[in-house]
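>>> quick one, what's the 3D model for this:
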Amino acid sequence: MGCHPEKALTMWNSAPVSLSWVQIESFALAQPDGFILASPAEQDLRSRFHFAGWSPEEKILISKKKLTHQKGKTESAYPVDSDLLSLLKTLTRPMLIDGQGDAPFDQPGWFFTLSYEFSCFLSLPVCRFPDDQILAAGLRPGILFRKDLKTGETRLFTTDRSSEKVIQDISRTPELQDYPGKIAGSACFRIPFPDYREKVNRILEAITRGDTYEVNFVHELTGILIPYGPASLWKRLTATSPSSFFTWFRTGSRILISSSPERFFRLENNRILVQPMKGTRKRHSDPELDKQESDSLKNSEKDRAENLMIVDLMRNDLGKICSPGSVLTEQLFTVESYPTVHQMTSTISGKLTGGLTIWDVIEALFPPGSMTGAPKKRTMDIISEEETGPRGYYSGISGYFDGSGLSEWSVLIRCLEVEGDAFSAKAGGAITADSDPAQEYAETLIKLKAILDSLGLKPEEIGNFSSGPHTGS
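Residues are numbered from 1 along each chain as shown. As a prediction, the model looks like this:
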């Protein structure tokens with residue numbers, strides 16, 4: 001495959017460190033351009049590593065008309081056209097995918113977040129959005145910490161920097177303290193329930209006409225935060241709603257926080273693994289009621305049908321990049337339990353064809369089928385007609401790729417976007433032929449529970465909230 005170009009440009013040094021991960025996180029949360037990807041060990045080992053990085057050697061921001069690339073003190077702007085992926089291949093220099101190696105980032109690489117509207121570069125329909133909206137952001141860190149949840153070892157990677165100085169700075173940083181009390185000053189749904197019901201009914205008409213089989217319809221909660229420090233949201237979410245794929249991604253004043261249980265894909269040893277989720281039930285403190293909810297999801301024909309449609313869609317997408325006959329459905333309809341919800345998950349794998357880079361894989365699979373519905377393109381047309389604004393990072397993806405082709409990405413759900421004192425959170429549900437608007441609305445509230453808890457909000461404190469969806473109140 002040849003050597004990685006970054007080896008000729010920088011020294012990528014690594015050494016084990018004894019810092020606690022809480023110290024590292026607390027320092028990372030204060031950095032203007034930095035990220036954290038974490039997976040609580042007590043939850044599962046689907047994502048084996050914690051990452052925290054900052055002081056980027058390179059930074060990429062993409063809007064509808066412009067890509068900005070910062071490298072050191074040099075900033076370059078490129079017009080965005082239909083060949084954006086070729087430009088990204090040139091700038092990020094991804095290796096051809098072979099994924100040989102046990103641990104990521106023994107060679108340098110990139111961390112990226114892609115919004116749902118990144119789809120516009122793949123000739124897919126999306127909602128209207130402002131020309132200056134950031135559709136994707138990437139950082140190649142100069143300082144990176146990696147904790148191996150399997151071995152317990154934490155390593156520091158740096159590019160031509162003093163490891164001792166980095167460790168000293170972190171050692172002097174106090175651990176983050178949670179902000180007491182409520183964090184949200186106000187919050188309101190973008191559309192009231194009567195409008196939500198009307199939109200769902202129009203989607204049901206499209207299903208009846210045969211335009212689509214399933215539509216993931218999203219609505220939005222927006223609000224204002226009291227002065228508290230956004231890192232408190234991270235601390236609350238990680239403490240109260242542990243999930244497999246936590247993401248903190250900050251570029252300047254814009255912050256993304258996601259507590260997602262859903263893997264989009266993983267690349268290793270020239271194989272790809274995808275795990276779409278579709279089907280949700282709430283958790284109960286009473287063990288018997290909780291088991292009833294889990295069993296209800298496991299045996300639900302509606303949820304199985306929704307899940308199977310996305311499995312078929314993902315198998316079709318994987319067929320574009322995998323060797324013939326290699327795409328396998330390894331598991332169907334597995335129910336996984338998380339602190340606030342039960343989720344139905346399926347697992348599909350395949351062997352990649354030769355000569356691919358990470359951007360080729362993303363072109364074939366993005367956006368996640370679990371967040372659109374099926375068939376993907378026609379369903380995205382319907383989404384663009386019915387949703388009232390851009391999704392932003394919600395239902396996009398976040399992840400990394402390194403110099404050996406190892407890569408892992410999560411679907412951005414259960415997420416908050418924060419800029420200044422304003423926040424946005426979104427939730428969606430799969431609309432199928434037998435969907436009831438009131439039940440779908442109630443399911444979105446279940447999915448928002450972790451976010452509402454972190455904000456200190458109760459549903460009845462939300463403007464446009466309907467306590468009885470069937471009444472339209």
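>>> for the rest of this, base every contact and every neighbour count on C-alpha atoms.
Will do.
>>> what about the helices in the chain?
Here the chain has its helices, by DSSP state H, at 21-28, 84-92, 163-171, 193-209, 231-240, 287-299, 301-318, 358-365, 376-386, 437-447, 449-455.
>>> of these, give the one that comes closest to residue 47.
helix 231-240 (15.0 Å; C-alpha to C-alpha).
>>> what mean pLDDT does that closest one have?
What helix 231-240 shows for mean pLDDT is 85.
>>> please apply the same query to stretch 153-172.
Mean predicted lDDT for stretch 153-172 stands at 89.
>>> just stretch 129-149 next, same as before
94.
>>> stretch 362-371 too?
94.
>>> measure that stretch end to end?
15 Å (C-alpha to C-alpha, to the nearest Å).
>>> so how far is it from its chain's centroid?
Counting by C-alpha atoms, centre = their mean, to the nearest Å, stretch 362-371 is centred 12 Å from the centre of its parent chain.
>>> repeat that for stretch 399-417.
That offset, for stretch 399-417, works out to 7 Å (C-alpha atoms, centre = their mean).
>>> start and end of it, how far apart?
Termini of stretch 399-417 sit 17 Å apart (C-alpha to C-alpha).
>>> returning to that earlier point: what about the helices of the chain, which gets the closest to residue 424?
Using C-alpha to C-alpha, the nearest of the helices of the chain to residue 424 is helix 449-455, at 10.3 Å.
>>> not counting its own residues, what contacts the closest one?
By C-alpha atoms under 8 Å, 6 or more residues apart in numbering, the residues outside helix 449-455 that reach it are 182-184, 233, 236-237, 240-241, 340, 414-416, 425, 458-459.
>>> which residue is the nearest non-sequential neighbour of residue 208?
With sequence-adjacent residues excluded and distances taken as C-alpha to C-alpha, 6 or more residues apart in numbering, residue 208 is closest to residue 433, at 7.1 Å.
>>> residue 309 too?
Nearest to residue 309 is residue 374, by C-alpha to C-alpha, 6+ apart, at 6.7 Å.
>>> wait, that neighbour touches residue 210, no?
No. In this structure, residue 374 is not within contact of residue 210 by C-alpha atoms under 8 Å, at 11.2 Å.
>>> out of these two, which sits in the busier spot?
Set residue 374 next to residue 210 and count neighbours by other C-alpha atoms under 10 Å: residue 374 wins out with 24 against 9.
>>> the residue most central in space within the chain and residue 429, how far apart?
Among the residues of the chain, the one closest to the centroid is residue 412, at 2.2 Å (C-alpha atoms, centre = their mean). Distance of residue 412 to residue 429, computed by C-alpha to C-alpha: 14 Å.
>>> now residue 385
16 Å.
>>> and for residue 129?
For residue 129 relative to residue 429 (C-alpha to C-alpha), the value is 22 Å.
>>> hang on, the earlier thing: just the helices of the chain: most buried one?
helix 449-455 (a mean of 21; mean count of other C-alpha atoms under 10 Å).
>>> average pLDDT across it?
For helix 449-455, the mean confidence score works out to 90.
>>> and that helix, how far from the chain's centre?
With C-alpha atoms, centre = their mean, you get 17 Å for helix 449-455.
>>> please apply the same query to stretch 400-420.
5 Å.
>>> name the residues of it that are buried.
400-419 (16 or more other C-alpha atoms under 10 Å).
>>> can you check stretch 54-73 too?
Those would be 54-64, 66-70, for stretch 54-73 by 16+ other C-alpha under 10 Å.
>>> report the contact partners of the residue lying closest to residue 110 once chain neighbours are set aside.
Closest residue in space to residue 110, ignoring its immediate chain neighbours: residue 140 at 4.6 Å, by C-alpha to C-alpha, 6+ apart. The neighbours of residue 140, taking C-alpha under 8 Å, 6+ apart as the test, are 56, 57, 58, 59, 108, 109, 110, 111.
>>> separation between the nearest residue in space to the first one that is not next to it in sequence and residue 359?
Closest residue to residue 56 apart from its sequence neighbours, by C-alpha to C-alpha, 6+ apart: residue 141 at 4.0 Å. Relative to residue 359, residue 141 is positioned 19 Å away (C-alpha to C-alpha).
>>> again, but for residue 64
18 Å.
>>> now do the strands in the stretch 1-150 of the chain.
Applying DSSP state E, counting those that start in this stretch to the stretch 1-150 of the chain gives strands spanning 12-17, 33-38, 49-62, 66-71, 74-79, 109-114, 136-148.
>>> and the ones you listed as CSV, adding distance to residue 193?
Shown next, in CSV, are those (distance: least, C-alpha to C-alpha, whole Å):
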stretch, distance to residue 193
strand 12-17, 52
strand 33-38, 35
strand 49-62, 34
strand 66-71, 37
strand 74-79, 41
strand 109-114, 30
strand 136-148, 31
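>>> which one of the ones you listed lies closest to residue 365?
That would be strand 109-114 among these, by C-alpha to C-alpha, at 12.7 Å.
>>> tell me which strands that closest one pairs with, and in which orientation.
strand 136-148 (antiparallel), strand 397-402 (antiparallel) (DSSP bridges).
>>> where does pLDDT dip in the stretch 1-150 of the chain?
1-10, 40-46, 95-101 (pLDDT under 70).
>>> give me the subset of the contacts of helix 449-455 lying in strands.
By the criterion of DSSP state E, membership of the contacts of helix 449-455 in strands covers 184, 415, 416, 425.
>>> need the residues you listed in JSON lines with pLDDT and distance to residue 25, can you?
JSON lines is the format used below for the ones in strands among the contacts of helix 449-455 (pLDDT from 0 to 100; distance: C-alpha to C-alpha, whole Å):
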{"residue": "184", "pLDDT": "90", "distance to residue 25": "23"}
{"residue": "415", "pLDDT": "92", "distance to residue 25": "18"}
{"residue": "416", "pLDDT": "94", "distance to residue 25": "18"}
{"residue": "425", "pLDDT": "96", "distance to residue 25": "23"}
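>>> among these, which two are most distant?
Largest pairwise distance in these, by C-alpha to C-alpha, is 14.9 Å, between 184 and 415.
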